[in-house]
Structure formats: structure tokens, C-alpha cells
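Undergrad: I'll drop the sequence and a predicted model, then ask my questions.
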Amino acid sequence: MLDVLANRRLVNLLGFVACVLMLAFALFVEKVMHIEPCPLCMFQRVGVAALGLVFLVAAIHHPARLSRARIYSALIFLVALFPGYVSARHVYIQSLPPGSVPSCGATLDFMLEVFPLMEVVRKVLTGGGECAKIDWQFLGLSMPVWVLVAVIGLAAVGIYANARQQHRH
């Protein structure tokens, strides 16, 4: 396992693949299982896609100098904050007792047509009834919990692999 972590390009490529697989699973749940994503789910997808893009660029660029590789550590950390925050917020909303969650709001498509982007972001992050509903679980954990675990894990591995000196054999 430590040999894999020593190969920065491989870690970044695997991080990208993990993000692609997460997005593919989300689409499978939506299109095949017919579970509609709530606005917070959509924001998590955007965050995971952005994280995957950083991993892909890091794998392609693969800087030889540690100082430049550490820039990717910082980027992975910064980009992972968004899906991490959104999924943590989603978990919080799902944990609220019934009756304490705001009622369902307008659809994300409608809000994007009517409101400025920052207002849409603010409204989505406050969450609504549609975000409190748990439609899918695995091992007793909802999808936002799994996204949070995955994002934290990917960020930790990506930061570690890109921040350490790569040994040449």
C-alpha cells in the first residue's frame, strides 16, 4: 500500500478514477434506480467532478519538483472543502428531527432561471425538505455520508501523496 502512495502520478490517477466512479454511481442511482437527486446532491456532484479534475491535471502534469507537487496538495485540499462542506451540511439536514426541516423549495432548474447564482447557492445550502429525505442507504449510511467519507479519504490520500518527496528507484 505504501508503494502505491509513493507513486504520485498513480495516486492522482486513482483519485480521478474514484471521482469518475462516484459520479457514475450517482448517475446509476438517478437513471436506473429512478431516485431523483436533491439540490444538495447536485452540488456534491459538481464538487466531486471538480476534485476529479484536479486529480486528473495533477496526474497529467506530474511535476518533478516537490514544491510544484505541493501546489496540487493545496488545490486538492481547497477543492475538497466544497463537496466536503456540502455533504456535511446534507448529513446535518438529514439528521434533523421531523418538523424542524424547512419545507421543500423550488427545483434547482427553476431557481437557476429566476435567481442570481449566489442566491441559488445560498438557498440550496440552507436545504429543504427534499434534502432531508433519505432514499438510499448502504450499511445503514446515507449517500451524503458516503460522499463525505470518500471526499475526506480522497483528499487525505491526495494531499499526502503530493506533499511528500517521491523516491526514485
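TA: Nice, I can see it. Quick caveat, the model's predicted, so the values are computed rather than measured.
Undergrad: Strands along the chain, start to end?
TA: Per DSSP state E, the chain has strands spanning 137-138, 141-142. These are given in chain order.
Undergrad: Among these, show the one with the smallest mean pLDDT.
TA: By mean pLDDT, the lowest-scoring of the strands of the chain turns out to be strand 137-138, with a mean of 79.
Undergrad: just checking, what packs against the longest helix seen in the chain?
TA: With DSSP state H setting the assignment, residue counts place helix 66-95 as the longest helix in the chain. Applying 3 or more Cβ pairs under 8 Å, 6 or more residues apart in numbering; DSSP states H and E, one finds that helix 66-95 makes contact with helix 8-31, helix 39-61, helix 129-132, helix 143-163. No exception for glycine: its C-beta is placed from N, CA and C like everyone else's.
Undergrad: Turn those into JSON lines, including distance to Val121, mean neighbour count and mean pLDDT.
TA: Formatted as JSON lines, the entries for the helices and strands packed on helix 66-95 read as follows, by distance: least, Cβ to Cβ, whole Å; neighbours: other Cβ atoms under 10 Å; pLDDT from 0 to 100:
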{"stretch": "helix 8-31", "distance to Val121": "20", "mean neighbour count": "17", "mean pLDDT": "96"}
{"stretch": "helix 39-61", "distance to Val121": "8", "mean neighbour count": "20", "mean pLDDT": "94"}
{"stretch": "helix 129-132", "distance to Val121": "14", "mean neighbour count": "20", "mean pLDDT": "70"}
{"stretch": "helix 143-163", "distance to Val121": "17", "mean neighbour count": "20", "mean pLDDT": "95"}
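Undergrad: Of the ones you listed, which is nearest Ser87?
TA: Ser87 lies closest to helix 143-163 among the helices and strands packed on helix 66-95, at 4.0 Å (Cβ to Cβ).
Undergrad: Run the angle between that closest one and helix 8-31 for me.
TA: Using axes from the mean of the first three to the mean of the last three Cα atoms, to 10 degrees, one finds that helix 143-163 and helix 8-31 are set 170 degrees apart in direction.
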